[in-house]
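1. fold the following and give me the result.
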Amino acid sequence: MASSSQESQQPQSDEQLLQLYCQGESWAFDELVDRYQQELFHFLIRFAGSRAAAEDLFQESFLQVHISASTFDSSKRFKPWLFTIAANKARDYLRRNQRRQAMPLSAPLPGKGGDDGQTFVDLLQADLELPAEVLNREETRQEVQNIMQRLTDAQREILVLAYFHQFAYRDIAQVLEIPLGTVKSRLHAAVAAFAHQWKLRHGQEF
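-> Residues are numbered from 1 along each chain as shown. Here you go, the predicted structure:
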């Protein structure tokens, strides 16, 4: 009689909580939702660009967790699995809504002087980083969000995972379902695209 309440008071891993939920412990599902309420919701806002969409996608993601809980591979980690579900839901949402024309990596950059004819791909060799102060400074958050929405879905999702949520490369590979070796090159392309958009708007580097 006291087992469920005692278990709920003990620290449980995400994977243990999902297993308990599969065994009929409904509180374990509520605990998982609470744990990821903020992080997953903010991921979906940045990915989809809309709070209203993020709310719907959050619900859809956990509905999918409920439906697929029994198929979860217990040798894997829950968090990348959850974010894989959420990323797929967000991609489907963006596909349905067709909110913008994505700029291909091969598109020429509107550069100056010797930069004419340069493409996003050309910037892959640049060793660029997004400084934390740019991402976290209150007065620039909306500007960052505006730039993020001008990027391709692939560029935006990898930036959100790597910089906003600080996923390890192996977890990014799992969430995006791409080879580990592709993660770094795609991330460099995304950072270069973000840096270029920032420079266009501000006339300066970070």
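
2. for the record, mean pLDDT for whatever helix or strand A86 lives in?
-> Here A86 is covered by helix 78-97, with elements defined by DSSP states H and E. Average pLDDT, helix 78-97: 92.

3. who touches it?
-> Helix 78-97 is contacted from outside by 13-15, 17-18, 32, 36, 40, 43-44, 47-48, 53, 56-58, 60-61, 64-65, 68, 72-73, 153, 157, 161, 165, 167, 171, 174-177, using C-beta atoms under 8 Å, 6 or more residues apart in numbering. Where you see a C-beta, it was placed from the backbone N, CA and C, and this is true even at glycine.

4. same thing but 6 Å
-> 14-15, 18, 40, 44, 47-48, 53, 57, 60-61, 64, 153, 171, 174-175 (C-beta atoms under 6 Å, 6 or more residues apart in numbering).

5. break the protein down into its domains, please.
-> As recorded under automatic domain parsing, the domains making up the chain are 11-97, 113-202.

6. turn the ones you listed into JSON lines, including mean neighbour count.
-> Below are the domains of the chain laid out as JSON lines (neighbours: other C-beta atoms under 10 Å):
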{"stretch": "domain 11-97", "mean neighbour count": "17"}
{"stretch": "domain 113-202", "mean neighbour count": "16"}
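
7. which stretch in those has the least confidence?
-> Looking at these, the weakest mean confidence is domain 113-202, a mean of 75.

8. where exactly do the helices run in this protein?
-> 3-9, 14-22, 26-48, 51-68, 78-97, 132-136, 141-148, 153-159, 169-176, 180-202 (DSSP state H).

9. tell me what the third one is packed against?
-> Applying 3 or more C-beta pairs under 6 Å, 6 or more residues apart in numbering; DSSP states H and E, we find helix 26-48 packed against helix 14-22, helix 51-68, helix 78-97.
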